[in-house]
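Engineer: Quick one, what's the 3D model for this:
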Amino acid sequence: MNALRMLRVLLGGAAAWRRGGFLVVTVAVATAVWLVLSAMTAPFTGNVETQGKNSMVAVLNANGAMGGMPITYAHRIEKIPGARDVAWSTMQIVLCKTSPTVVLPLVGLGGPGVAYGLTHGQVIVDAATLEKWQKDPLGIIVTSKALAACGVKVGQSIEPKVMRGAKHIAVHVIGSVKNKRSMAFAHFDYINRMGSFIGKDKVLGITARADQVRDNERLAAKIQNAFAHDYPTVKATTSAKLQNALARFGKVQQLLMFVMAAALLCAASVLVSVFAHASAQRRPRFAVLRVLGFKRGTLFGAVVLEGLLIVLVGAAIGIGIGLLTAHLVGQSTVLGQILAGHLSPPSWAWAWLPAWLAALWIVAMLIPARAIRRVRASDYRAG
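Structural biologist: Numbers count the residues shown, from 1 in each chain. You can find the predicted model right below:
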C-alpha cells in the first residue's frame, strides 16, 4: 500500500504523465512490430500449419493432360530424393441415376499422399470422414453441391448410370464436404478396376511436395529431369503465385528478423534513457521522501509499479494494433492471399513475447534502482 501511495506521488504532474504516455507508445509500437513481422516471417520458418492451398508440385503429361501417364511414373517419383506425399489421380464420368442429365466427375485418388492432399488442398476433408473413406474401398466423399445435384444423402448407396465405355459400379456415400464444385472422391484402385476413360493403370495427374515449400521448384526440376528421356514426357509445375511470393518475401526474411531485434533494442534503449532521466529529475524528491522516513524499498517499489504499469498497458495496446495490422496485411498482400487471408503470429512469437517484455522491464529498472540506492538526504538541495 505504501508503494501505491508513493506511485501516486511520483506520477503527480503533467510531465510525469507525458513521460508515461510516451513510454506506453514505445512499448506498444515494439510489441506491434514484433507480432506483425513474426507473422510475416512465419511462412518461411515452417511455423504455420499450412503453406498455402496449392503448395504442391503437379505433374502432368507434357503432350496433353488428357493423355495420362503410366502409374509407374508415380512410383518412380516416390523414389526421387526429397519427394513427399506423392499421390495420383484418375477420373470417370458418371450420370446420376436420379438426374440423368447431371454429370458427376468421380475422381479416383491413390498413393501415400492422399491424406495430405485431402486435408491441405482446395477441398478440406475432416479427419473422421477421411478415416472412414480410407477404410472403405467402395466409399465415396461427395461435395455438397454434388449431393444436391444428384439428390443423394450421406449413408445412401447409389448406382449411377455409367457413361458408355465403362462398367457398372455401385458405391455408397460415406461423407460430404462443403465445396462449390460438383464432384466426388473415390479410390484409385476402384476406378482403375471399373474402367477409367484414359485407360487401365494410367493416371491423369501426380502430385508431390518437398520438405519445405520453397524447395518445390527444385523438386519440380528433379522430376522433369528424371523423365526427360521417357515417352510421354512430363511437365512438373508449382503454383506460380505461391513460388513468386516465396521468392519475393523469402529473400527478406533475415531483414525482417533484424528489424524485429532492432525494434526491441530501440524500445529497451528508450525505456532505459527515459527512466534514467526521470531518476535524475526525481533525485531531490527521493531525498525529501527519505527525510520524511520512507524506506528505499518503498521508493523502488513505486518505480517498479510504474514500470510494470507502462509495460503492461503498452503491451496490451501493441497486441491489439499488431493483430489488426497482421489481419490487414493478410487481406491486402500476395502473401496473405496465398494463406487464404490468414496471417497471424506463430506460437513462438507469443511464447517469447512475455520473456522480452519482462527483460525490457527489468533493464529499465536498473538505473532507477541504482539512483534510489545512492540517494542521500542532502540531495534535496539539488531541486
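Engineer: count of residues packed around residue 213?
Structural biologist: 25 (other Cβ atoms under 10 Å). The way it works is simple: take the backbone N, C-alpha and C, and place the C-beta from them, glycine included.
Engineer: was I right about it contacting residue 55?
Structural biologist: Yes: because the distance of 4.8 Å satisfies Cβ atoms under 8 Å, residue 213 is recorded as touching residue 55.
Engineer: and the residue lying closest to residue 159 once chain neighbours are set aside, what does it touch?
Structural biologist: When the adjacent residues along the chain are set aside, residue 159 lies closest to residue 170, with 4.9 Å between them (Cβ to Cβ, 6 or more residues apart in numbering). With contact taken as Cβ atoms under 8 Å, 6 or more residues apart in numbering, residue 170 is in contact with 138, 157, 158, 159.
Engineer: For the stretch 151-300 of the chain, give me the ranges with low pLDDT.
Structural biologist: Applying pLDDT under 70 to the stretch 151-300 of the chain flags the ranges 160-168, 239-254, 283-284, 286-294.
Engineer: at 80 what do you get?
Structural biologist: Scanning the stretch 151-300 of the chain for pLDDT under 80 picks out 151-152, 156-170, 179-181, 195-198, 212-214, 239-258, 276-300.
Engineer: what ranges do the strands span in it?
Structural biologist: Taking DSSP state E, counting those that start in this stretch as the test, the strands found in the stretch 151-300 of the chain are 157-158, 161-162, 171-177, 184-187, 202-203, 205-209, 234-237.
Engineer: Who does the closest residue to residue 114 other than its chain neighbours form a beta bridge with?
Structural biologist: Spatial nearest neighbour of residue 114, chain neighbours left out: residue 87 (5.0 Å); criterion: Cβ to Cβ, 6+ apart. Beta bridges link residue 87 to residue 207, judged by DSSP bridges.
Engineer: Report pLDDT for residue 87.
Structural biologist: Predicted confidence (pLDDT) for residue 87: 93.
Engineer: same question, residue 327
Structural biologist: Residue 327 is assigned 77 on the pLDDT scale.
Engineer: does it belong to a helix or a strand, and which?
Structural biologist: Secondary structure assignment for residue 327, by DSSP states H and E: helix 296-332.
Engineer: Show me what that helix is packed up against.
Structural biologist: helix 2-10, helix 14-45, helix 253-291, helix 334-338, helix 347-374 (3 or more Cβ pairs under 8 Å, 6 or more residues apart in numbering; DSSP states H and E).
Engineer: Name the residues of it that come out as buried.
Structural biologist: Neighbour-count burial for helix 296-332, with 16 or more other Cβ atoms under 10 Å as criterion, is recorded at 298-307, 310-311, 313-315, 317-319, 321-323, 325-327, 330.
Engineer: that older thread, next one: the residue nearest to residue 159 relative to residue 184, how far apart?
Structural biologist: When distance is defined by Cβ to Cβ, to the nearest Å, residue 170 is 14 Å away from residue 184.
Engineer: before we move on, what about residue 229?
Structural biologist: 37 Å.
Engineer: Can you pick out the residue with more neighbours from those two?
Structural biologist: residue 184 (24 against 7).
Engineer: Report the beta-bridge partners for the more buried one.
Structural biologist: In this entry, residue 184 is beta-bridged to residue 106, residue 142, by DSSP bridges.
Engineer: Next up, the contacts around it.
Structural biologist: Applying Cβ under 8 Å, 6+ apart, we find residue 184 in contact with 104, 105, 106, 107, 140, 141, 142, 143, 146, 173.
Engineer: If you rank those residues by neighbours, which is first?
Structural biologist: residue 142 (29 neighbours).
Engineer: for that residue, what are its contacts?
Structural biologist: Residue 142 is in contact with 150, 152, 154, 173, 175, 176, 177, 183, 184, 185, counting by Cβ under 8 Å, 6+ apart.
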